[in-house]
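Undergrad: Predicted structure and sequence below. I'll ask about it afterward.
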Amino acid sequence: MKCFDCPRRCGVDRSKAKGFCNEGEKIRVAKVIENFAWEEPCISGEKGALAIFFSGCNLRCSFCQNYEISHVGKGEEFSPDEFREFLLSFDLEKFSSIDLITPTHFSSALIAALDGCRLPLPVVWNSSGYEAPAMIERLDKIVDVFLPDFKYYSDQNGQAFSKAGDYFAVASEAVKKMRQLRPVDKFENGLLVRGLLIRHLLLPGQVRDSMAVLDFIAQNLKGSMVSLMSQFTPQKFGPHRKVLPLEYKALLAHAEKLGLDSGYFQDISAADENFVPEF
Ligand code: SF4
């Protein structure tokens, strides 16, 4: 079957060829980290998440911290049935949430795997936001918490860093759809069990672009929790420096001015290689 799982719309038959995401038709898991505590407190919870890192990516940003799995590709392959069995083989009571990391290019396969599967903890869709609203609607039945990283406002940045000049046009509609499907954020003991948390990573020299993303959120996604991140760490390809404290401070002040103060603000000290997971 031809793949139109994401806005790249490659139309390739993934049983025979690979599209932009560089993955075949089977779900490929690069790494699993149990009791993962590095997400926001309302996602990691007290026990930590069951973090499942998928191989490949439909965005493949030049500065990706998980370059080895998003660009190079590695890991174990599963059919939808096998993935469901694999997931259920964990003692899920040991975790606060199931954190599906970079899952977009396996959307259809994950829906096939998890539809009707009554899981005892929230399923988190931890994505880049480069997704089609129609697919977000289909994901509604398997996802509890949408966790998109809303990356760029300018088309130049989308093109330069992710070869997606339409990133903002696409992601802004996807995140609006997520908000429409999750109009209220529901917590249980501090854990987000159903809702939306919008991430944004500040890039060096891109304060104005980040401010424009926050302006859009304030105007169009009222009441949404935002998680601002300063952890950008230079990788092989650009940008080649860290975020300056002054840049991050300016963005924090802007968020405060817009009233976006119900989420999380990462400390500037997070811009450290220690935040780059090893694979
Ligand atoms: S999921 Fe992969 S193959 Fe399918 S449209 Fe997106 S990038 Fe192309």
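TA: Noted; the coordinates are in hand.
Undergrad: roughly how far is the host helix or strand of residue 246 from the heart of the chain?
TA: Assigned by DSSP states H and E, residue 246 belongs to helix 245-258. Taking Cα atoms, centre = their mean, to the nearest Å, the mean C-alpha location of helix 245-258 is offset from the chain mean by 22 Å.
Undergrad: buried stuff in that helix?
TA: Using 16 or more other Cβ atoms under 10 Å as the test for burial, helix 245-258 gives 247, 248, 250, 251, 252, 254, 255. Backbone N, C-alpha and C define where each C-beta goes, glycine included.
Undergrad: mean confidence score for that helix?
TA: In this model, helix 245-258 has a mean pLDDT of 95.
Undergrad: again, but for stretch 22-31
TA: Averaged over stretch 22-31, pLDDT sits at 96.
Undergrad: Contacts for it, please.
TA: Defining contact as Cβ atoms under 8 Å, 6 or more residues apart in numbering, one finds that stretch 22-31 is touched by 14-15, 18, 52-57, 60, 69, 71, 73-80, 83, 86, 105-106, 109-110, 113, 277, 279.
Undergrad: what's the answer for stretch 88-97, then?
TA: Counting by Cβ under 8 Å, 6+ apart, residues outside stretch 88-97 touching it are 34-35, 43-50, 98, 117, 119-124, 145, 191.
Undergrad: Just the buried ones out of those residues, please.
TA: Among these, those scoring as buried are 43-45, 47-50, 98, 121-124, 145, 191 (criterion: 16+ other Cβ under 10 Å).
Undergrad: For the nearest residue to residue 44 once chain neighbours are set aside, list the residues it contacts.
TA: Spatial nearest neighbour of residue 44, excluding adjacent residues (Cβ to Cβ, 6 or more residues apart in numbering): residue 37 at 4.9 Å. If you count contacts by Cβ under 8 Å, 6+ apart, residue 37 has them with 44, 48, 49.
Undergrad: Tell me the confidence at the first one?
TA: At residue 44, the predicted lDDT confidence score is 97.
Undergrad: Go ahead and confirm it touches residue 36.
TA: Yes - shown here, residue 44 and residue 36 form a contact pair, counting by Cβ atoms under 8 Å, at 6.6 Å.
Undergrad: and the residue in the stretch 101-250 of the chain positioned nearest to the ligand, how many residues sit next to it?
TA: Per Cβ to the nearest ligand atom, residue 105 is where the stretch 101-250 of the chain lies closest to the ligand, at 3.7 Å. Residues within reach of residue 105, counting by other Cβ atoms under 10 Å, total 30.
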